[in-house]
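Chemist: I'd like to go over a predicted model; first the sequence, then the structure.
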Amino acid sequence: MGTLHVLDHPLIQHKLTHIRDKNTGTKDFRELVNEIAMLMAFEITRNLPVAETTIETPVKTAKAKVLAGKKIGLIPILRAGLGMVDGMVRLIPAAKVGHVGLYRDPKTLEPVEYYIKLPSDISERELIVIDPMLATGGSAADAIHSLKKRGAKQIRLMCIVGAPEGVKKIQEEHPDVDIYLAALDEGLNEEAYIVPGLGDAGDRLFGTK
Ligand SMILES: O=P(O)(O)OC[C@H]1O[C@H](OP(=O)(O)OP(=O)(O)O)[C@H](O)[C@@H]1O
Ligand SMILES: O=c1cc[nH]c(=O)[nH]1
Ligand SMILES: [Mg+2]
């Protein structure tokens, strides 16, 4: 079963409090989502492998470390996942970005895929699927199925707020995928919104409410 990691760094938690607040407007919401994504990226790249190299500092020859791991691919789930991309590529500038367009049908709650465009070498990359919200888990589970169908082998899922229902679904359908959250909330309401959550992440990011 994939492991659930809750990244409770104080800076992440402080910023999360602001995006939960209904009085936080679009500009601040967008900036904070990017900052949280960057901090989460910092945490989840902690174990990337490094190799030793030799460089000349102005003072002497020195052994030094460089990243030596697999190449990374970021896969935002549209729309709301887009709000996390800039923050992450500032930390991982060599990452390629693939897009999976999904929306959750408000009546059936089933994800509907409307777009997919991926780097050609996804099977050689460590993929990080990103979306601020993991509610029923339907969207993320579907996106991960799509990636696997196209050859992806190594996938992690990074969301800001998750519900236990969504975590369970991913762990059941994709036991090979580790999940990273900034917070694990109480559950879902009757419209499958996360409680207490932060409302509709896409609408709050793009001002479409
Ligand atoms: O876990 P689930 O129950 O599938 O719900 C989570 C999904 O719902 C939201 O997207 P939404 O459908 O609102 O699309 P949007 O990003 O275009 O607003 C959110 O960004 C996730 O993708
Ligand atoms: O709480 C939720 C659930 C799904 N999608 C959102 O944007 N928010
Ligand atoms: Mg939405």
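Modeler: Perfect, I can see it now. Ligands and ions are numbered 1, 2, ... in the order given.
Chemist: Residues of this protein that sit close to ligand 1?
Modeler: Contact residues (Cβ under 6 Å from any ligand atom) of the chain with ligand 1: 77, 79-80, 102-104, 111, 131-140, 166, 192, 200-202. C-betas here are computed from N, CA, C, even on glycine.
Chemist: And what about the residue nearest the centre of the chain, helix, strand or coil?
Modeler: Residue closest to the average C-alpha location in the chain (Cα atoms, centre = their mean): Ile130, at 2.4 Å. At Ile130 the chain is in strand, as set by DSSP: H, G, I helix; E, B strand; the rest coil.
Chemist: wait, it sits on Ile72?
Modeler: No. With contact taken as Cβ atoms under 8 Å, Ile130 and Ile72 are classed as non-touching, separated by 11.5 Å.
Chemist: For Met133, grab the count of nearby residues.
Modeler: A count of neighbours around Met133, defined by other Cβ atoms under 10 Å, yields 25.
Chemist: and the biggest helix by length in the chain, which residues are buried?
Modeler: Across the chain, the longest stretch assigned as helix under DSSP state H is helix 26-44. Using 16 or more other Cβ atoms under 10 Å as the test for burial, helix 26-44 gives 29-42, 44.
Chemist: Number of residues surrounding Leu78?
Modeler: For Leu78, the number of neighbouring residues by other Cβ under 10 Å comes to 19.
Chemist: Tell me the spatial nearest neighbour of it, not counting adjacent residues.
Modeler: Residue nearest to Leu78 in three dimensions, not counting chain neighbours: Gly101, with 4.1 Å by Cβ to Cβ, 6 or more residues apart in numbering.
Chemist: got it, and Glu43?
Modeler: Distances taken as Cβ to Cβ, 6+ apart put Leu7 closest to Glu43, at 4.8 Å, once the chain neighbours are dropped.
Chemist: mind listing what the one you found touches?
Modeler: Applying Cβ atoms under 8 Å, 6 or more residues apart in numbering, one finds that Leu7 lies in contact with Leu39, Met40, Glu43, Ile44, Tyr180, Leu181, Ala182.
Chemist: Tell me who's in contact with Thr136.
Modeler: The contact partners of Thr136, by Cβ under 8 Å, 6+ apart, come to Arg104, Leu109, Ala163, Glu165, Gly166, Lys169, Leu188, Ala192.
Chemist: Kindly state the pLDDT recorded for the second one?
Modeler: Model confidence at Leu109, expressed as pLDDT, equals 83.
Chemist: tell me the secondary structure for the residue lying closest to it once chain neighbours are set aside?
Modeler: Nearest residue to Leu109 in three dimensions, chain neighbours excluded: Ala192, at 5.2 Å (Cβ to Cβ, 6+ apart). Secondary structure state of Ala192, per three-state DSSP, is coil.
Chemist: again with the one 10 residues further on
Modeler: Following three-state DSSP, we place Gly202 in the helix state.
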